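Engineer: Here is the input, now give the coordinates:
(chains A and B)
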Amino acid sequence: EAQVTQNPRYLITVTGKKLTVTCSQNMNHEYMSWYRQDPGLGLRQIYYSMNVEVTDKGDVPEGYKVSRKEKRNFPLILESPSPNQTSLYFCASSLVGGRGGELFFGEGSRLTVL
Amino acid sequence: GENVEQHPSTLSVQEGDSAVIKCTYSDSASNYFPWYKQELGKGPQLIIDIRSNVGEKKDQRIAVTLNKTAKHFSLHITETQPEDSAVYFCAASRRGGSYKLIFGSGTRLLVRP
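Structural biologist: Residues are numbered from 1 along each chain as shown, chains lettered A, B, ... in the order given. Sure thing, here's the model as predicted:
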């Protein structure tokens, strides 16, 4: 089954404790992206990757890191989480990002930073 | 900067009635306009999209219209059903380059049985 898988789905952590949210897709997509969803703000892009070893900042990259060592994986790293990073996070992938193709989203990871 | 405004933020309709959600965009170079539906506890899913060379597109009970001059586009759902209850996001993008998809703030649609 074609899908984007995120883990963990739910996480409660404390300020400053490094964490990683994993994302994996099995559709051989070139383009992958991370979004955060906050009430009244819609989906805002954190980072994206056009292909392996190619990543770039989205609209709200502060406090986040990513890497794209393999085509299928695109982990989101919070080196020192803060309470303002409490949010619902979505990973998404697309066959060819630059041509306006369909984005396939994971089911989301709800993060709470105390 | 690029911006997409979406209205209304919440919409309640009676089953069988129509629902309309409207979005405006700021970047005149935008040429791809998808709509995503997010059911409770799930990720958004594409339901329909339109490109700038088309004024209207239909898929069964769902239609999208685009007015490039006014820089706005709308989602129309006819004969609404309870399973249409969800959060809907519009988005706008410029093809090529980094594929920057800008999302609206979302509309929570409730269809009352």
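Engineer: number of nearby residues for residue B:40?
Structural biologist: The tally of other residues near residue B:40 (other C-beta atoms under 10 Å in any protein chain shown) stands at 7. Using the backbone N, CA and C atoms, a C-beta is placed for each residue, glycine as well.
Engineer: would you say it is within a helix?
Structural biologist: No. Looking at residue B:40 with DSSP: H, G, I helix; E, B strand; the rest coil, it is coil, so not inside a helix.
Engineer: Need the nearest residue in space to it, chain neighbours excluded.
Structural biologist: residue B:86 (7.5 Å; C-beta to C-beta, 6 or more residues apart in numbering or on different chains).
Engineer: Check residue B:108 too.
Structural biologist: residue B:10 (4.7 Å).
Engineer: and residue B:22, helix, strand or coil?
Structural biologist: strand.
Engineer: That one against residue B:9, yeah?
Structural biologist: No. Contact criterion C-beta atoms under 8 Å: residue B:22 and residue B:9 do not qualify, at 11.6 Å.
Engineer: The two: which is more packed in?
Structural biologist: residue B:22 (17 against 14).
Engineer: Any idea what the more buried one is bridged to?
Structural biologist: residue B:7, residue B:74 (DSSP bridges).
Engineer: For residue A:90, which residues are in contact?
Structural biologist: The contact partners of residue A:90, by C-beta atoms under 8 Å, 6 or more residues apart in numbering or on different chains, come to A:6, A:34-37, A:43, A:105-106, A:108-109, B:43-44.
Engineer: One more pass at 7 Å, please.
Structural biologist: By C-beta atoms under 7 Å, 6 or more residues apart in numbering or on different chains, the contact list for residue A:90 reads A:35, A:37, A:43, A:105-106, A:108, B:43.
Engineer: Alright, I will stop here.
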